[in-house]
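Student: Pasted the sequence and its predicted model underneath.
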Amino acid sequence: MKRIVSGIKPTGSLTLGNYIGAIKQFVKLQKERKDDEFFLFIADLHAITIRQVPHELRQRTLDIAAMYLACGLDEEKTVLFIQSEVPQHVELGYILQSNVYMGELERMTQFKDKAQKGQESITSSLFTYPALMAADILLYDADYVPVGDDQKQHLELTRDIAERFNHYYNNFFTVPEPIIPKVGARIMDLQDPNKKMSKSEDNPKGYITLFDNENLIKKKIASAVTDSLAIIQFDPINQPGLANLINIFASMSDQSIEEIVEKYKESSYKNFKEDLGQAIVDVLKPIQEKYQALIKSDKLQEILDKGRDTANQYAFKKMRKCKQKIGLGRK
């Protein structure tokens, strides 16, 4: 049996990109890997690298947990919990800061991009958070971590930290391997297909949230950027906007890109977009109904309580051994 660990930050509403690139893949993994166990956490500690409104952060944390369950997460084989409710994440994160170098942290894309823009309000936690991210994974001896293409760098650093620690302290951590979805791993902005669809973007037309209603979804798809070629083909270089929509369609309908192109090669962009909008609604509407029922019930709290207790039990034992390994404490 292998262990798969994943986390998601509660910063902004969940988008279609989150669903295709993370949530759907996680649920699919559970169906494919029936003998494996899954740890999934809401990374609220990572969210506070940027100042948050407290009550909004708490609500988004619950929203994400409920939405994962509504999307088909198997509660029986998943340890679902909130990161900040397991204090060993922070404890191990600090220890791993002592096993990662400044140069490695400076090369991390998220920090480097903001530093190059000359932003003076960058918090020290944004600089050091890759160590906490490594702790999130290594604390549970993850065998695999689902990652998108843009997250490989962080997992590679986690692997480097684990191997460095193991060299000094005799193979203590499991070195995780990535699981990278083959289709739909990177969904782009509907208005700017050169950048990833993000819940933090200012233009709401650029992303679809999992909470958007039917009319809003269809409007956003209808206004999505395409091109003047009026030819439905998969050409990410010359038709990035259309390629993004085809990728979304393939992911939402569980068809191949080739099947989508073949089906719509004689269609107009208008008809293609109308069908895509409906396909998205057909998937999200039942999910939204399940979410509404769950967020108002006690069941969500019970699941999170159980997940917290299980994660705490495992994390406590791992940290106790870790501190013994490196010489902390009296025994």
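Tutor: Structure's in. What do you need?
Student: what's the spacing between the nearest residue to Gln255 once chain neighbours are set aside and Pro204?
Tutor: Spatial nearest neighbour of Gln255, excluding adjacent residues (CB to CB, 6 or more residues apart in numbering): Phe249 at 7.4 Å. Where you see a C-beta, it was placed from the backbone N, CA and C, and this is true even at glycine. Distance of Phe249 to Pro204, computed by CB to CB, to the nearest Å: 21 Å.
Student: can you check Ile280 too?
Tutor: Going from Ile280 to Pro204 by CB to CB gives 16 Å.
Student: More neighbours: those two, which one.
Tutor: Neighbours per residue, other CB atoms under 10 Å: of Ile280 and Pro204, the larger number sits with Ile280, 24 against 14.
Student: In contact with the more buried one, which residues?
Tutor: Residues touching Ile280, when contacts are defined by CB atoms under 8 Å, 6 or more residues apart in numbering, comprise Leu16, Ile208, Ile217, Ile221, Ile248, Met252.
Student: Ignoring the adjacent residues along the chain, who's closest to the first one?
Tutor: Distance criterion CB to CB, 6+ apart; nearest residue to Leu16, sequence neighbours excluded, is Ile208 at 4.2 Å.
Student: thinking that neighbour is in contact with Ile217, fair?
Tutor: Yes. Using CB atoms under 8 Å, Ile208 is in contact with Ile217, at 5.7 Å.
Student: More neighbours: which of the two?
Tutor: Shown here are Ile208 and Ile217; by other CB under 10 Å, Ile208 has more neighbours (28 against 20).
Student: which residues touch the more buried one?
Tutor: Thr15, Leu16, Leu190, Met197, Leu216, Ile217, Lys220, Ile221, Ile280.
Student: I'd like to know which of the residues you listed are buried.
Tutor: Among the contacts of Ile208, those classed as buried by 16 or more other CB atoms under 10 Å are Thr15, Leu16, Leu190, Met197, Ile217, Lys220, Ile221, Ile280.
Student: picking up where we left off before, and the residue nearest to Leu16, how far from Tyr19?
Tutor: 9 Å.
Student: and if you look at Lys199?
Tutor: Relative to Tyr19, Lys199 is positioned 11 Å away (CB to CB).
Student: I'd like the next helix or strand past the worst-scoring helix or strand of the chain on mean pLDDT.
Tutor: One helix or strand of the chain scores below all others by mean pLDDT, DSSP states H and E: helix 109-116, with a mean of 69. Downstream of helix 109-116, the first helix or strand assigned by DSSP states H and E is helix 124-138.
Student: Check which residues of that following helix are buried.
Tutor: Under the neighbour-count criterion of 16+ other CB under 10 Å, helix 124-138 has 126-138 buried.
Student: which residues touch that helix?
Tutor: Helix 124-138 is contacted by residues 5, 7, 41, 43, 45-46, 48-50, 83, 88-97, 100, 104-106, 108, 110-111, 114, 145, 154-155, 157-158, 161-162, 173-174, 176 when judged by CB under 8 Å, 6+ apart.
Student: Can you list the low-confidence ranges for this structure?
Tutor: Within the chain, the ranges that satisfy pLDDT under 70 run 112-120, 149-150, 181-185, 200-201.
Student: What ranges does it have for its strands?
Tutor: Secondary structure of the chain, counting by DSSP state E: strands at 3-8, 37-42, 78-82, 144-146, 177-179.
Student: Mean neighbour count and distance to Lys263 added to those strands, as a markdown table?
Tutor: Listed next are the strands of the chain as a markdown table, based on neighbours: other CB atoms under 10 Å; distance: least, CB to CB, whole Å:
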| stretch | mean neighbour count | distance to Lys263 |
| --- | --- | --- |
| strand 3-8 | 21 | 32 |
| strand 37-42 | 23 | 34 |
| strand 78-82 | 23 | 35 |
| strand 144-146 | 22 | 29 |
| strand 177-179 | 15 | 29 |
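Student: for these, which one sits closest to Asp305?
Tutor: Closest to Asp305 of these, according to CB to CB: strand 78-82, at 9.0 Å.
Student: Can you tell me which helices and strands the closest one packs against?
Tutor: In terms of contacts (3 or more CB pairs under 8 Å, 6 or more residues apart in numbering; DSSP states H and E), strand 78-82 is packed against strand 37-42, helix 54-70, helix 299-326.
Student: same thing but 7 Å
Tutor: strand 37-42, helix 299-326 (3 or more CB pairs under 7 Å, 6 or more residues apart in numbering; DSSP states H and E).
Student: Sort out which residues of the last one are buried, please.
Tutor: Spelled out, that is helix 299-326. Leu300, Ile303, Leu304, Gly307, Arg308, Ala311, Tyr314, Ala315, Lys318, Met319, Cys322.
Student: quick one on the thing from earlier: of all the strands of the chain, which lies closest to Leu242?
Tutor: Taking CB to CB as the criterion, strand 144-146 is the member of the strands of the chain that comes nearest to Leu242, at 27.2 Å.
Student: who touches Thr287 in this structure?
Tutor: Wrong residue type there; residue 287 is Ile, not Thr. Ala70, Cys71, Leu210 (CB atoms under 7 Å, 6 or more residues apart in numbering).
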